[in-house]
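Colleague: Pasted the sequence and its predicted model underneath.
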Amino acid sequence: MIGLETKKAPIQEIAGACGVERYTICGWSRELLDERRREKGDGEHGSAEVSDLQRRIGDQKGRVRRLELEKDILEGTIEMPRKTSLIR
């Protein structure tokens, strides 16, 4: 596997040493590269996932702002009758 990770040996030679076919080595290589991309967060799927999560965070922050505003408005409408009843 070291030859596969460092690419210092031809694929056919690595396959022969491992007792597998050449296409198996290519699949392993793809898996290793995909795993490294996911770990770094810069893979094709990783960046899409990050973008989706960032979008969802933005959506949730907007929802929190709206709910806080609604709460403030509702609290204000409760306090208004109290204040006006004290004036009378």
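Modeller: The structure has been received and is ready for your questions.
Colleague: quick check: domain ranges of the chain?
Modeller: By the assignment in automatic domain parsing, the chain contains the domains 1-40, 42-88.
Colleague: Highest mean neighbour count out of the ones you listed?
Modeller: Comparing the domains of the chain by mean neighbour count (mean count of other C-beta atoms under 10 Å), domain 1-40 ranks first with a mean of 13. For the C-beta atoms, the positions are set from N, CA and C on the backbone; glycine is no exception.
Colleague: Let me have the domains of the chain in TSV, adding mean pLDDT as columns.
Modeller: Conversion of the domains of the chain to TSV gives the following (pLDDT from 0 to 100):
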stretch	mean pLDDT
domain 1-40	77
domain 42-88	79
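Colleague: Would you list the phi and psi of E21?
Modeller: Main-chain dihedrals, E21, degrees, to the nearest 10: phi -80, psi 160.
Colleague: Contact partners for it?
Modeller: By C-beta atoms under 8 Å, 6 or more residues apart in numbering, the contact set of E21 is A15.
Colleague: R63 versus T24, what's the distance?
Modeller: If you measure T24 against R63 using C-beta to C-beta, to the nearest Å, the figure is 48 Å.
Colleague: Correction: the previous question concerned E39.
Modeller: Counting by C-beta to C-beta, the gap from E39 to R63 is 31 Å.
Colleague: same deal with S29?
Modeller: Distance of S29 to R63, computed by C-beta to C-beta: 44 Å.
Colleague: And for I11?
Modeller: The value you get for I11 to R63, if C-beta to C-beta is used, is 51 Å.
Colleague: Then D72?
Modeller: Using C-beta to C-beta, D72 is found at 15 Å from R63.
Colleague: again, but for L74
Modeller: Between L74 and R63 the distance, using C-beta to C-beta, works out to 16 Å.
Colleague: With only the CA atoms kept, save stretch 33-53 in CSV.
Modeller: As requested, C-alpha coordinates have been extracted for stretch 33-53 and formatted as CSV (Å, rounded to 0.1, in the frame of the first residue of the first chain):
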residue,chain,number,x,y,z
LEU,A,33,-8.1,10.2,-2.4
ASP,A,34,-11.8,10.6,-1.6
GLU,A,35,-11.1,9.9,2.1
ARG,A,36,-8.4,12.6,2.2
ARG,A,37,-10.6,15.1,0.5
ARG,A,38,-13.4,14.5,3.0
GLU,A,39,-10.9,14.9,5.9
LYS,A,40,-9.6,18.2,4.5
GLY,A,41,-13.1,19.4,3.6
ASP,A,42,-12.1,20.4,0.1
GLY,A,43,-13.5,17.4,-1.8
GLU,A,44,-16.3,17.6,-4.2
HIS,A,45,-18.8,16.3,-1.7
GLY,A,46,-17.1,18.0,1.2
SER,A,47,-17.5,21.5,-0.2
ALA,A,48,-21.1,20.9,-1.2
GLU,A,49,-21.9,19.7,2.3
VAL,A,50,-20.1,22.7,3.8
SER,A,51,-22.0,25.1,1.5
ASP,A,52,-25.3,23.4,2.5
LEU,A,53,-24.5,23.7,6.2
